[in-house]
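> Make a model of this:
(chains A, B, C and D)
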Protein chains: 2
Amino acid sequence: MRRRGQASFDDLVASRLSRLIEPAVLYLLGTGAAAHGYDLLSEVNELALGEAQVDPGAVYRVLRQLETEGAVVSSWDTAGGGPARRNYELTDVGRARLASWVTVIARRADAMQRFAEQAQKLLEEK
Amino acid sequence: MRRRGQASFDDLVASRLSRLIEPAVLYLLGTGAAAHGYDLLSEVNELALGEAQVDPGAVYRVLRQLETEGAVVSSWDTAGGGPARRNYELTDVGRARLASWVTVIARRADAMQRFAEQAQKLLEEK
DNA sequence: GCATCTATATGCTTGTTACATATAGAAGAT
DNA sequence: ATCTTCTATATGTAACAAGCATATAGATGC
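Numbering: from 1, shown residues only, chains lettered A, B, ... in the order given. Next up, the predicted model:
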């Protein structure tokens, strides 16, 4: 679904997922489902807040940004096979941030749902 | 709410409204609430699909784009006082486009609502 | 030694947003 | 008469974000 060039209708819909990476990551870190970027990547995809696959680069960037804001803290985990992983933990700031997101997302979802119902009614009149 | 520079949390939320200008305009043209850009501008703001005020330029650009796609047709209205207004009418293509938006918006709103509930539950566990 | 999977990043081009600005008719104020 | 304000339709552009490619590197299987 990731393309270049002039955005199509489907792209308009499928994209703009990345804004939702932040709340998704905060939530997943809260559940303890995953603690490092590579796992979060697949978890975010499974959350299916959108239809598109998220960009790995975007996830890592969100995590680092969140850390500069104090919403998460990280530490290297060199134990276990494979390359070192950076484990993230949610802070109180992060939980507060998630709470803000929840309010906003719920309100926005409500407005969208109402709009969809109204518009559906209009379309059925014909 | 419109600022420059590094995006704040509020901006992240308030922005991305412009993607909803298109469905809002299609809907409003369908209801007959307004037929030209300047009125649509305030009507879209009242729909409150987002919290930010929409950019007039964005509305006019959306309208012209919709016309190139055949979703609306326009004609100049020179009657009445003030500068000429370009009146828009919804076409069948436009109605179909609105129907697509309704499906997508409803589905997305649902996913967002479910996410908000899950996350809220998580936050209450503490 | 080579490919593959895990894992974390950064570079760069294109697309989008937000805001500023241009144009112009009409109407009322000074 | 001109000045400001309101209506109305646009376009220009700098800053920003998204999308996609690529770099690096440890481990493991072939």
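
> Spatially nearest residue to the residue positioned nearest the centre of chain A (excluding sequence neighbours)?
Closest residue to the average C-alpha location of chain A: A:Ile21 at 1.9 Å, with Cα atoms, centre = their mean. Distances taken as Cβ to Cβ, 6 or more residues apart in numbering or on different chains put A:Val62 closest to A:Ile21, at 4.9 Å, once the chain neighbours are dropped. From N, CA and C alone the C-beta is placed, and that goes for glycine too.

> What of A:Trp76?
A:Ala84 (5.2 Å).

> what sits against the one you found?
By Cβ atoms under 8 Å, 6 or more residues apart in numbering or on different chains, A:Ala84 lies in contact with A:76-78.

> quick one: it from chain B, how far?
A:Ala84 is 28 Å from chain B, where distance means Cβ to the nearest Cβ, to the nearest Å.

> can you check A:Thr103 too?
For A:Thr103, the distance to chain B equals 8 Å [Cβ to the nearest Cβ].

> just A:Pro83 next, same as before
Distance of A:Pro83 to chain B, computed by Cβ to the nearest Cβ: 30 Å.

> burial count for that residue?
Counted by other Cβ atoms under 10 Å in any protein chain shown, the residues lying close to A:Pro83 total 7.

> In three-state terms, label it for me.
Per DSSP: H, G, I helix; E, B strand; the rest coil, the local secondary structure of A:Pro83 is coil.

> Let me know the pLDDT of it.
Each residue has a pLDDT score; the one for A:Pro83 is 93.

> backbone phi and psi for it, please?
Dihedral pair for A:Pro83: phi -70, psi 160, per degrees, to the nearest 10.

> same thing with A:Gly82?
When read as degrees, to the nearest 10, the backbone of A:Gly82 gives phi 80, psi 180.
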